[in-house]
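Asker: Would you be able to build a 3D model of this:
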Amino acid sequence: MSDQQQVADVEVEQPERVDPMALFSDGVRIPVYGLSFIGHIQKDYEFCGHKFALKTLRPAEKAALAVAIDPWKGTLAEGEVWMNAHVALALVSIDDDAAFCPEAGPSLESHAKARLRYVTNKDNGWHAPTLSFLYDRYLELEAEALDATRELQNLSEGNRQPSQPSPDSLTGPDISDVPMFLESRSSADSSTNS
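Answerer: From the prediction side, this is the model:
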């Protein structure tokens, strides 16, 4: 038997994957797990009779899309491809179909490239108006996530004042009793002064 056959017959042991959350005690596991969702928002948007679900992206996804657009770096198309790659990775589903794009490769970079090809394919990719609409919604989603994270930070620092009015504070208070209160108070003040 040759050395190559002996090497081929040896099983390579794969290291056991450890769930990082299992490393935390029960008392802190849930709060630590919650940290991984700060900044995550997912919303549905309607556009021209279709429903698109978009999500905020994690840093690793943004890094993968930077690799995916590498062939266009330094070209006039770089900005547009950057925008399209964000849309491609932020898409969760189209018309409630989460399998709208065939799964590609084991790496996040392969996935980013496949998604970018899907939305920009020369034969049946999307046109600029659709991509622009979705990119604008994506930017709004990222801004909303940032605002929500700042609000959460304000609350965690003990600042109970919201940075913006809450939805229920947009209607004015019922002040119909205020003049009667003021009148009764001024009549009470005048009676004690007399």
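Asker: Surely residue 105 is within a helix?
Answerer: No - counting by DSSP: H, G, I helix; E, B strand; the rest coil, residue 105 falls outside a helix, being coil.
Asker: okay, now it: neighbour count?
Answerer: Using other CB atoms under 10 Å, the number of residues around residue 105 comes to 11. (C-beta placed from N, C-alpha, C; glycine too.)
Asker: Could you number the chain from 469 rather than 1 from now on?
Answerer: Let's use 469 as the start, then, which means that last one is residue 573.
Asker: Could you report the distance from it to residue 561?
Answerer: Residue 573 is 20 Å from residue 561, where distance means CB to CB, to the nearest Å.
Asker: OK, contacts around the residue lying closest to residue 610 once chain neighbours are set aside?
Answerer: Spatially, and ignoring its direct neighbours in sequence, residue 610 is nearest to residue 524 (5.7 Å; CB to CB, 6 or more residues apart in numbering). Residues counted as contacts of residue 524 (CB atoms under 8 Å, 6 or more residues apart in numbering) are 507-510, 558, 609-610, 613.
Asker: helix or strand for residue 620, which one?
Answerer: helix 596-624 (DSSP states H and E).
Asker: mind listing what's buried in that helix?
Answerer: For helix 596-624, the neighbour count (16 or more other CB atoms under 10 Å) marks 598-599, 601-603, 605-606, 609-610, 613 as buried.
Asker: Packing partners of that helix?
Answerer: For helix 596-624, the elements it packs on are strand 510-515, strand 518-523, helix 546-558, judged by 3 or more CB pairs under 8 Å, 6 or more residues apart in numbering; DSSP states H and E.
Asker: residues of the last one that come out buried?
Answerer: To tie it back to what came earlier, the one meant is helix 546-558. Residues of helix 546-558 classed as buried: 548-558 (neighbour count, 16+ other CB under 10 Å).
Asker: And the second one, by the same measure?
Answerer: For strand 518-523, burial by neighbour count (16+ other CB under 10 Å) applies to 520-523.
Asker: Now distance to residue 488 and pLDDT too, for those residues, in CSV please.
Answerer: Formatted as CSV, the buried residues of strand 518-523 follow (distance: CB to CB, whole Å; pLDDT from 0 to 100):
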residue, distance to residue 488, pLDDT
520, 32, 94
521, 27, 95
522, 27, 95
523, 21, 95
